[in-house]
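Student: any chance you could fold what I've pasted below:
(one chain, ligands or ions: 2)
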Amino acid sequence: MTVSLGLPAMPGRAPGATVDTALPPRPAEATGLLDRFGRVATDLRVSLTDKCNLRCTYCMPAEGLPALPRDQALSADEIVRVVGIAVRDLGVRQVRFTGGEPLLRRDLVEIISRVAALEPRPEVSLTTNAIGLAERARSLADAGLDRVNVSLDSLHAATFMQVTRRPFLDRVLAGVDAAAAAGLTPVKINAVLLPGVNDHEAPELLAWALQNGHELRFIEQMPLDADRSWDRASFITARDVRGLLADRFDLTTAVEPRDGAPAELFDVHPRHAADAHLAGRVGIIASVTEPFCDDCRRTRLTAEGSVRSCLFSHTETGLRDALRDGASDDDLAELWRGAMWAKPAGHGLADPDFVQPDRTMSAIGG
Ligand code: SAM
Ligand code: SF4
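Tutor: Residues are numbered from 1 along each chain as shown. Ligands and ions are numbered 1, 2, ... in the order given. This next block holds a predicted model:
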């Protein structure tokens, strides 16, 4: 959604997250999370922790990262208060909990039930690696969780181990089954393909997802890893994904409007009689090669309570200290509006002088 307030048009070429141009004044009548390019954020990603029990090579280093001290992370009360401000005062309609690994928060069920009880009720979803989901899917659904995205890059134990550096494939698959059984359907599966590691598995992953009624999304790898291993010349692009699937599946663009969603959806048509029962959809998230920045509706809150207007931001606006110093809801809402007003036009990945943010995906909240 964009609003016209006489604001500067989106430039044809995204100027990159590092560019800090002088900001025009923010219109006083804008109550929501409007930015200077006319976009309005209604989709909030909340990182509940920076800790994780996997070490996916495209995200965390093998040795892990220093964890945020407990007193620096927002408490359940603080999260619910801040999300409440977003929902009541700032027009947020969708809240997705992520991390790090959000299932590592013992108070996750409490947080979800309190956020699902907010008025107006937001849509509440979770992005997870599904380790421990088998035990908690039912209580999360009962608490008000609407949807779940599970990250799964391989159906083979050895490849799963190579990507995540942990031998937990069975636990992830059990978590996916439990989510489906708890009615968190359709379960969305997020897969990142890495060249020479799991890219050959693309058709098998799609067949498995369709067979089981899950919705698969392939995500282009982005430069948000700790090892700085992202290689512009060799990561698997959306076009590569379509090529990898082509022997087994034809894809046609789905008719529904994209409506701000990161994934471009395709209807899947099996090419071989043996696959005739495999009908459904697949999504491809081409954040790098086909950026959707000019329709971005996202705002992010890190585990320590800082607003990031973009995954690739080099700046953040801390809410935690103000909150702990007694700031009112209005003060916090105003800080948040200011942070979003400064949102860059685009992530700038195409710029030759693009600079990767210091924080990894696990520390931002993907
Ligand atoms: N631990 C949870 C999980 O893996 O689902 C939630 C956090 S994780 C950072 C959220 C999503 O970000 C996952 O689907 C993961 O595949 C994706 N992700 C992490 N690093 C990425 C990268 N460098 N490029 C693209 N996607 C990435
Ligand atoms: Fe953990 Fe998710 Fe990052 Fe993998 S992608 S290391 S599961 S935070």
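
Student: straight-line length of stretch 64-80, end to end?
Tutor: Start-to-end span of stretch 64-80 (C-alpha to C-alpha, to the nearest Å) is 28 Å.

Student: how far does that stretch sit from its chain's centre?
Tutor: 19 Å (C-alpha atoms, centre = their mean, to the nearest Å).

Student: again, but for stretch 121-135
Tutor: The answer for stretch 121-135 is 12 Å, by C-alpha atoms, centre = their mean.

Student: list the buried ones in that stretch?
Tutor: Neighbour-count burial for stretch 121-135 flags 122, 124, 125, 126, 127, 128, 129, 130, 131, 132, 133, 134 (criterion: 16 or more other C-beta atoms under 10 Å). C-beta: built from backbone N, CA, C; applies to glycine.

Student: pretty sure the fifth one is in a strand, no?
Tutor: Same thing as residue 127. Yes. With DSSP: H, G, I helix; E, B strand; the rest coil as the criterion, residue 127 is part of a strand.

Student: does it touch residue 98 like I think?
Tutor: Yes. With contact defined as C-beta atoms under 8 Å, residue 127 counts as touching residue 98 (4.3 Å).

Student: in JSON lines, list the buried residues of stretch 121-135 along with pLDDT and distance to ligand 1.
Tutor: Formatted as JSON lines, the buried residues of stretch 121-135 follow (pLDDT from 0 to 100; distance: C-beta to the nearest ligand atom, whole Å):
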{"residue": "122", "pLDDT": "98", "distance to ligand 1": "19"}
{"residue": "124", "pLDDT": "98", "distance to ligand 1": "15"}
{"residue": "125", "pLDDT": "98", "distance to ligand 1": "11"}
{"residue": "126", "pLDDT": "98", "distance to ligand 1": "8"}
{"residue": "127", "pLDDT": "98", "distance to ligand 1": "4"}
{"residue": "128", "pLDDT": "98", "distance to ligand 1": "5"}
{"residue": "129", "pLDDT": "98", "distance to ligand 1": "4"}
{"residue": "130", "pLDDT": "98", "distance to ligand 1": "8"}
{"residue": "131", "pLDDT": "98", "distance to ligand 1": "9"}
{"residue": "132", "pLDDT": "97", "distance to ligand 1": "11"}
{"residue": "133", "pLDDT": "98", "distance to ligand 1": "10"}
{"residue": "134", "pLDDT": "98", "distance to ligand 1": "15"}
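
Student: tell me which of these is nearest to ligand 2?
Tutor: The closest of these to ligand 2 turns out to be residue 129 (C-beta to the nearest ligand atom; 3.7 Å).

Student: just checking, that closest one touches residue 151?
Tutor: Yes. If you go by C-beta under 8 Å, residue 129 and residue 151 touch, sitting 5.2 Å apart.

Student: name the residues contacting each of residue 127 and residue 98.
Tutor: Common neighbours of residue 127 and residue 98 (criterion: C-beta atoms under 8 Å, 6 or more residues apart in numbering): residue 366.

Student: restrict the buried residues of stretch 121-135 to those near ligand 2?
Tutor: The subset of the buried residues of stretch 121-135 within reach of ligand 2, by C-beta under 6 Å from any ligand atom, is residue 129.

Student: which regions of the stretch 151-300 of the chain sit below the pLDDT cut-off?
Tutor: Within the stretch 151-300 of the chain, no stretch has pLDDT under 70.

Student: what does the residue of it found nearest ligand 2 show for phi and psi?
Tutor: Going by C-beta to the nearest ligand atom, ligand 2 is nearest to residue 151 of the stretch 151-300 of the chain, at 5.6 Å. For residue 151, the backbone dihedrals (degrees, to the nearest 10) come out as phi -90, psi 120.

Student: when you give positions from now on, start the count at 26
Tutor: In the new count, where the first residue is 26, that last one comes out as residue 176.

Student: what residues are up against it?
Tutor: Contact analysis of residue 176 by C-beta under 8 Å, 6+ apart lists 81, 152, 153, 154, 155, 214, 215, 216, 217.

Student: could you list the buried residues of stretch 348-356?
Tutor: residue 348.

Student: average model confidence for that stretch?
Tutor: Averaged across stretch 348-356, the pLDDT comes to 98.
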